[in-house]
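>>> Predicted model and sequence follow; I will ask about them next.
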Amino acid sequence: MHFTDLREREFERILLIKPSAVGDVVHTLPVLAKLRQRYPSARIDWMLTPGIAELIRHHPALSGVVLFARDDYARSWRDLSGPLGFIKLLADLRAARYDLVIDLHGQFRSALFTLATRAKTRIGFDRPRRSLRRASRPMPREALLHGWTGAREGSWVAYTHRIRVRTLDAHAVDRYLWVGDMLGFADGPLEFSVPVPEEAEHGVDALLAENGVAHKPLALLTPGTIWETKHWLTESFAVVARHFLSKDWAVVLAGASRDVARCREVAAACEGVCDLSGRTKLSELAALIRRAAICVTNDSGPMHLAAAMNTPMISIFGPTDPLWIGPYGRPDAVVRAGVECSPCYLRKLRDCPHNHACMRQVTPQEVIGRVEQMLATAVKF
């Protein structure tokens, strides 16, 4: 089947595969909206991990969610519920009788799910090509070695149609939307609607009231992140927090359970902040971001949620490339040190030969200056 045939064909049962992480899922929201616009009466499901499904399942363009409970499936083989659950998922995918599957994850596991559907039309990214690396703008060698260049782990063999990777120098949002050339997406503005359920709003109201900060302008700080090399110094976050407190703002720290230790370090260095780390679901984090007057982060998940919800935001960048994965359409929100070794896409501090210079050289005074500049001109919709 040629691409022109796909543009003319109507699909009735569609599965979108992009299960995690938060930023990647936010990047995929415009694809979901375009799919609904292109196929208004189709059933459109999305394979998501349970934590992310808790938020995205409320999206009005979505028909249903296929849960990928990867933590459950990873249990020891002595506990048969893990492998049996995985087998049931594969069987359910086949039984759903999808006629179009779009795999934007591009790894062996997502390719397996794609094949399990037995859909006649299966779309995913093409294989990496070295010629694209040579054509990329000048960058440190490590960035080109570790950055995204195409589908991975042989996943491209699962697809009947492959999205050609035209250039590496494209934001993830634009890259995902390349599938629209195959399917005939209409032109027009992109929709990043993040559906925050009412119970999440109420939950955040209760948390803020409990901590006595419900009626102040709110600055949200998220100091945690999975990569060690993305961490901005906790003492720098504390300086920014004290700046907001001096203006009689409420300062809220947020993050997942893995971020609790770093948030506690910031709270210990800055009396008066409200530490909600480990106490919010993803939908409640989204409600906090919507409520905030500004968000300061080194974590991609809150950054992309803030960008999608038009919340003023400052994001400290170090080992990763803002052109590829920065806040979409918000270059003014990025603060970088501009060292020659960045981006490098190294994840562990022990692998960094430059003493974490890309993050250490970003000063709290620089971030505060950008904050004040942004707040002076911010218009939140």
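Received, thanks. Numbering: from 1, shown residues only.
>>> ok, longest helix in this structure?
Of all segments of type helix in the chain, defined using DSSP state H, the longest is helix 22-38.
>>> Any chance you could list what contacts the very next helix or strand once past it?
Towards the C-terminus, the helix or strand next in line after helix 22-38, according to DSSP states H and E, is strand 43-48. Identification of contacts with strand 43-48 by Cβ atoms under 8 Å, 6 or more residues apart in numbering yields 12-20, 25, 32, 35-36, 56-57, 61-68, 96, 98, 110, 113. Glycine gets a C-beta too; all of them are placed from N, C-alpha and C.
>>> circling back to that earlier point, taking strand 43-48 as reference, get the angle to the longest helix of the chain.
Helix 22-38 and strand 43-48 are oriented at 170 degrees to each other (axes from the mean of the first three to the mean of the last three Cα atoms, to 10 degrees).
>>> can you give me how far helix 22-38 is from the chain middle?
12 Å (Cα atoms, centre = their mean, to the nearest Å).
>>> Then stretch 92-109?
For stretch 92-109, the gap between its own C-alpha mean and the chain's C-alpha mean amounts to 20 Å (Cα atoms, centre = their mean).
>>> Repeat that for stretch 31-49.
The gap between where stretch 31-49 is centred and where its chain is centred comes out at 18 Å by Cα atoms, centre = their mean.
>>> where are the low-confidence patches of the chain?
By pLDDT under 70, the weakly predicted segments of the chain are 1-4, 72-82, 379-381.
>>> Please enumerate the strands of it.
Secondary structure of the chain by DSSP state E: the strands cover 13-17, 43-48, 64-67, 100-103, 121-125, 161-163, 218-222, 250-253, 274-275, 294-297, 313-317, 334-336.
>>> Relative to the shortest one, what are the paired strands and their orientations?
Each strand that strand 274-275 pairs with, and the sense of that pairing, follows from DSSP bridges: strand 250-253 (parallel).
>>> check contacts around residue 123.
With contact set as Cβ under 8 Å, 6+ apart, residue 123 has these partners: 100, 101, 102, 103, 159, 160, 161, 162, 163, 179, 182.
>>> show me the contacts for the fifth one.
Going back to what we said before, that points to residue 159. Under the criterion of Cβ under 8 Å, 6+ apart, the neighbours of residue 159 are 103, 111, 114, 122, 123, 124, 151.
>>> Take the residues you listed and lay them out in TSV including distance to residue 281.
Formatted as TSV, the entries for the contacts of residue 159 read as follows, by distance: Cβ to Cβ, whole Å:
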residue	distance to residue 281
103	27
111	30
114	29
122	33
123	32
124	30
151	31
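>>> contacting residues around residue 51?
Listed by Cβ under 8 Å, 6+ apart, the contact set of residue 51 reads 281, 282.
>>> State the distance from it to residue 152.
With distances defined as Cβ to Cβ, to the nearest Å, the gap from residue 51 to residue 152 amounts to 23 Å.
>>> how many neighbours does the residue lying closest to residue 19 once chain neighbours are set aside have?
On the basis of Cβ to Cβ, 6 or more residues apart in numbering, the spatially nearest residue to residue 19 that is not a chain neighbour turns out to be residue 68, at 4.7 Å. Neighbouring residues of residue 68 were enumerated by other Cβ atoms under 10 Å; the total is 23.
>>> My guess is residue 68 contacts residue 15. True?
No. Shown here, residue 68 and residue 15 do not form a contact pair, counting by Cβ atoms under 8 Å, at 11.5 Å.
>>> now do the same end-to-end measure for stretch 243-255.
The first residue of stretch 243-255 is 21 Å away from its last residue (Cα to Cα, to the nearest Å).
>>> ok, residues contacting it?
Taking Cβ under 8 Å, 6+ apart as the criterion, the residues outside stretch 243-255 that touch it are 208, 213, 216-224, 241, 262-263, 266-267, 270, 272-278, 280, 285, 288, 292-293, 299, 302, 364, 368, 371.
>>> at 7 Å what do you get?
Contacting residues not belonging to stretch 243-255 are listed as 213, 216-224, 241, 263, 266-267, 272-277, 280, 285, 288, 368 [Cβ atoms under 7 Å, 6 or more residues apart in numbering].
>>> For the contacts of residue 123, work out which two are farthest apart.
Farthest-apart pair in the contacts of residue 123 is 100 and 162; separation 14.6 Å (Cβ to Cβ).
>>> When the two are compared, which one has more neighbours?
residue 100 (25 against 18).
>>> for the more buried one, which residues make a bridge with it?
Using DSSP bridges, the beta-bridge partners of residue 100 come out as residue 14, residue 121.
>>> so it makes contact with residue 14?
Yes. Under the criterion of Cβ atoms under 7 Å, residue 100 is in contact with residue 14, at a separation of 4.7 Å.
>>> So this protein: which segments form each domain?
The chain breaks down into these domains under automatic domain parsing: 3-183, 199-377.
>>> Give me the distance between the two termini of the shortest one.
Start to finish, the residues bounding domain 199-377 are 32 Å apart (Cα to Cα).
>>> next one: it to chain centre, how far?
The chain centre lies 15 Å from the centre of domain 199-377; the measure is Cα atoms, centre = their mean.
>>> gap between residue 56 and residue 323?
Computed as Cβ to Cβ, the residue 56 to residue 323 distance reads 26 Å.
>>> Mind checking which of those two has more residues around it?
Set side by side, residue 56 and residue 323 give different neighbour counts by other Cβ under 10 Å, the larger being at residue 56 (22 against 15).
>>> Can you tell me, leaving aside adjacent residues, what's nearest to the more buried one?
Of all residues beyond its chain neighbours, the one nearest residue 56 is residue 48 (5.8 Å), with distances taken as Cβ to Cβ, 6+ apart.
>>> Could you check how far the one you found is from residue 240?
Counting by Cβ to Cβ, the gap from residue 48 to residue 240 is 33 Å.
>>> try residue 159
For residue 159, the distance to residue 240 equals 45 Å [Cβ to Cβ].
>>> How about residue 271?
Spatial separation of residue 271 from residue 240 under the definition Cβ to Cβ is 15 Å.
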